[in-house]
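[1] got a predicted model here, sequence first, then my questions.
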Amino acid sequence: MSTEVKHEGSLGVAMKRKEDPRFIQGKGRYVDDISLPSMLYMALVRSPYPHAEITSIDISQALKVPGVKAVITGKDLDAAGLGWLPTFHGLDKQMVLALGKVLFQYQEVAAVFAETRGAAADGAEAVEVEYKPLPVVADPFAAKADKVILRPDRERKTNHIYHWEVGDKDGTARALAASPKRIKQRIWFQRCHPAPLEPCGCVAQFDTMGRLQFYVTSQAPHVYRTALAIVTGIPEDKIHVISPDIGGGFGNKVPVYPGYVCAIVGALKLARPVKWIETRTENLTSTGFARDYHMDVEIGATAEGRVTALHVATTADHGAFDAAADPTKYPAGMFGVVTGSYDFPVAHAEVDAYFTNKAPGGIAYRCSFRVTEASFAIERAMDILADELNMTAADLRRKNFIRKEQFPYPSPLGFTYDSGDYQKTLDTALEKIGYNDLLKEQAAKRARGELMGIGISTFTEVVGAGPSKHFDILGIKMFDSAEIRIHPTGAGIVRAGTKSQGQGHETTWAQIVAEELGLDPQNIMVEEGDTDTAPYGLGTYASRSTPVAGAAIAMAARRVREKARKVAAHLLEVAEADVEWKEYKFQVRGVPAKSVTMKEVAFAAYTNMAQNEPGLEASYYYDPPNMTFPNGTYVAVVDIDRETGESKVRKFLAVDDCGTIINPLIVEGQIHGGLTEGFAMAFMQEIQYDSEGNHLNTNFTDYLVPTSQETPHWETAQTVTPSPHHPIGAKGVGESPNVGSPAAFVNAVMDALSPLGVRHIDMPLTREKVWRAIRDAEAKKKQL
Amino acid sequence: MNLGYSGEEKVAANLATVWAFLQNPEKVGWCLPEIIDVTVQDPTHIDAVVQVAVGPVRGKFKLKVELAPNPAGRRIDVKVSGGGFGSAVDLTAGADVTDAADGTTLLKWSGQAVARGPIAAVGGRVLEAQAKKLIEQTFANIRQQISA
């Protein structure tokens, strides 16, 4: 019956991205491309003071600026019950516009609405705010003293936000005390910022029916809709959130920011649409930062190099509000994955978070919640232990890996790792990069006094939040969803609760559907980001799209297939039980020549369905049974110039195991991007504040983003250990390179400097820091 | 960003002339470098508008200046606070006024400034030198005005 060309399958095919033609041609439609009739523009007045009482706000001059229509302040919002908004996990609240005092530099103080963007900026400049400076708390260790209480609005009059711990505290202490070898190191993962190319922004409009049409740069449109309903009191059916194309998110576009609330209030007050687009400075200074974890890491080991215990005590700087993007029950996210790829018999991790006069945040910058900092801590500490034991970094890791037969592996800090073959991944990497030859080269160079380093990172991350029994945001469980409709001609549409910001969902989601249904992925349209049409989902961040929504898509497609089977049975004139899905088509069991394709079935589903329900569609809400655990081995080779401190990354190999690969081209692209971000954190990026609370990296001159000139050449390879609980075995990959690479770079630099006795330098490893370390080490040697 | 400076100016006028000048807020106000406007509020308070250019940060600053002359202690203290384009400065300066006995008067001054906002961040690399220059210029202007 079938005359179709044999379908070869869509999974694992390096299809070019379907979305790229429009991006490459500049035809993407971003929030700032949206222009509505009679639209106003909003600008925000921000505080130059990091901590100050507001003694007065005078808007009279601003209202005289030509084109300015209105100015709102915190008092106006407070009177309307909108003074505060809940933070991501619902455990704190954040001022929308400053009320009584400001708590960080660049905090939002007033919003100005005007006919043009320029008039709004001029109006903001004309708002006169008088401040009375208050003492500044610029670091979390000073915050501990509670000499200045930053948040008297809270019930507990302390800067301490929370203490969180997991694991066996006493058992770990005993094991450490009994260990013949111990290392202890404070490792700081600096404050950094995702700095997406497109800053945050929105357009708010109340349409003729009084319904809010909200265009916004959101990684989680449905969560926004619910959060806006909660904050504003607008019924959720009267809110339509649309996330159009997004120019990078990396976690930065997950939180609901004060500017969004102000734009909505302005649109309501003035009965005109309002657009607000951040400047680069506003993005870097006030939206969600990442990391800022000071981690005291202690490992115990036997003299032969078997790890015996791990203890990590972290001091976290959360800034002025506890706006860390973590699920409700996990204030320190998935930091419990800090035992990494190693079989620690016992472990204990604790985090104490503090308020400071800095921007709020702590978002999951291209990692599952707090996983990059955890991975960096253990991978650095393992290298320090190897140095202490005079072992190679590779040998120490081999000795302590969780073995493949141990999976599913219950970690001492509460996770059940799904699958992995760490030994194989490491071996693949070392063989591909020529590790033994590199060691010989390094020995020769060291003999000549040259500084060459080889850095290894064998990381494991935990992604795919998450099972509803553990994970929620504002009480909403972290499932995800998909809805598939197959049209009569065998084309179709899939809608998901996720939102691509560059991940390539329009291609990978189509490939999953095509694989499951034997259709052409080029004719499967993907739609996301519109809360009126997409099924409810928790969005795209923390590497959850493929593990959760990707699973929902596969399961929805299988539901479509089950319905199609009935139609196929009718077409093949056999009982449904005699129809099997094989080689991407329905066949009569035992009679492969008698078959129908899904395309034929799709047509029949609308034209010749017999007693079956017409149409061919299904939806699925997927509640994952477990997280997934992508892993990999990264190897960096660096040469350091003794005279300048410059570290040149000569070679870098990433071997990733992300389970089943949907599209190798997209996986490779994701890895290239993440490695470039990891490189930036390792060598270039830090959000710095001076002791007065001044933010010192307010633009791309001071907060560096690597260009093609600085970026090393990346080599990639894969091992594949499918996730046993995911419908197609995929684990997710987008964040692995950001999680795994910083340690590889830093380990390489420290390996290069180890002959000088340098054990650790905090990131970013700027030329100056490395040069000073070399100079100090050489001076110390001369003194001896 | 915390900045501290000191220096001295020798004014070709006697002590009485210098004191008369220092107690005239309008005259002192116009000694601020790049001054655009001075409005005297009362004998010890003025509002001033100055043009500021530190690195790429350029615009007008509105400043409130408080003068605290103390003829008996032969000292004048000045407090300046204000800002513009999202930046803020707080400056305190003081000068000991000494009769040099040769018909000239010595202004021995010191000052501290705190800068906040884009001016501290963007102008960070050049702010220190620029602020020093501005304070020096203020006292140099005072010397010139009195001498003239």
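    Good, I have the coordinates.

[2] residues near A:Lys651, how many?
    18 (other Cβ atoms under 10 Å in any protein chain shown). (Glycine included, C-beta is placed from N, CA and C.)

[3] surely it and A:Phe745 touch.
    No. If you go by Cβ atoms under 8 Å, A:Lys651 and A:Phe745 don't touch, sitting 11.8 Å apart.

[4] residues contacting the residue of chain B found nearest chain A?
    The nearest approach of chain B to chain A comes at B:Gly117, 3.4 Å away (Cβ to the nearest Cβ). Residues near B:Gly117 by Cβ atoms under 8 Å, 6 or more residues apart in numbering or on different chains: A:48, A:105-106, A:694, B:83, B:86-88.

[5] neighbour-wise, give me the winner out of those residues.
    A:Gln105 (32 neighbours).

[6] distance of the most centrally placed residue in chain A from chain B?
    With distances taken as Cα atoms, centre = their mean, the residue of chain A nearest its centroid is A:Arg366 (2.9 Å). Per Cβ to the nearest Cβ, to the nearest Å, A:Arg366 is found 25 Å from chain B.

[7] and that residue, that's in a strand?
    No. Residue state for A:Arg366 (DSSP: H, G, I helix; E, B strand; the rest coil) corresponds to coil; a strand is not indicated.

[8] ramachandran coordinates for it?
    phi 50, psi 40 (degrees, to the nearest 10).

[9] and it, what is it in contact with?
    Each residue near A:Arg366 by Cβ under 8 Å, 6+ apart is listed here: A:194, A:250-251, A:372, A:674, A:677, A:734-735, A:738-739.

[10] pick the one among those closest to chain B.
    Taking Cβ to the nearest Cβ as the measure, chain B sits nearest to A:Pro194 out of the contacts of A:Arg366, at 19.2 Å.

[11] quick one, what contacts residue 58?
    Going with chain A. A:127-129.

[12] wrong one, chain B
    B:Arg58 neighbours (Cβ under 8 Å, 6+ apart): B:51-52.

[13] what bridges to it?
    B:Ala53 (DSSP bridges).

[14] quick one, strands of chain B?
    B:2-11, B:35-42, B:45-54, B:57-70, B:75-84, B:87-99, B:105-116 (DSSP state E).

[15] the ones you listed: which one's closest to A:Gln94?
    Within those, the stretch nearest A:Gln94 is strand B:105-116; the backing value is 21.6 Å (Cβ to Cβ).

[16] re the thing from before, okay, the contacts of A:Asp58 in JSON lines with pLDDT and distance to chain B next?
    As requested, the contacts of A:Asp58 are exported to JSON lines (pLDDT from 0 to 100; distance: Cβ to the nearest Cβ, whole Å):
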{"residue": "A:Val127", "pLDDT": "96", "distance to chain B": "11"}
{"residue": "A:Glu128", "pLDDT": "92", "distance to chain B": "8"}
{"residue": "A:Val129", "pLDDT": "94", "distance to chain B": "9"}
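
[17] drop anything exposed from the residues you listed.
    A:127, A:129 (16 or more other Cβ atoms under 10 Å in any protein chain shown).

[18] looking at the contacts of A:Asp58, which are in strands?
    Reading strands off the contacts of A:Asp58 with DSSP E, I get A:128-129.

[19] mean confidence for the helix ranked longest in chain A?
    Ranked by residue count, the top helix of chain A under DSSP state H comes out as helix A:551-572. Averaged across helix A:551-572, the pLDDT comes to 98.

[20] ok, residues contacting the very next helix or strand once past it?
    Counting by DSSP states H and E, the next helix or strand C-terminal to helix A:551-572 is strand A:579-582. Contacts with strand A:579-582, where a contact means Cβ under 8 Å, 6+ apart, come from A:561, A:565, A:568-569, A:572, A:586-589, A:592.
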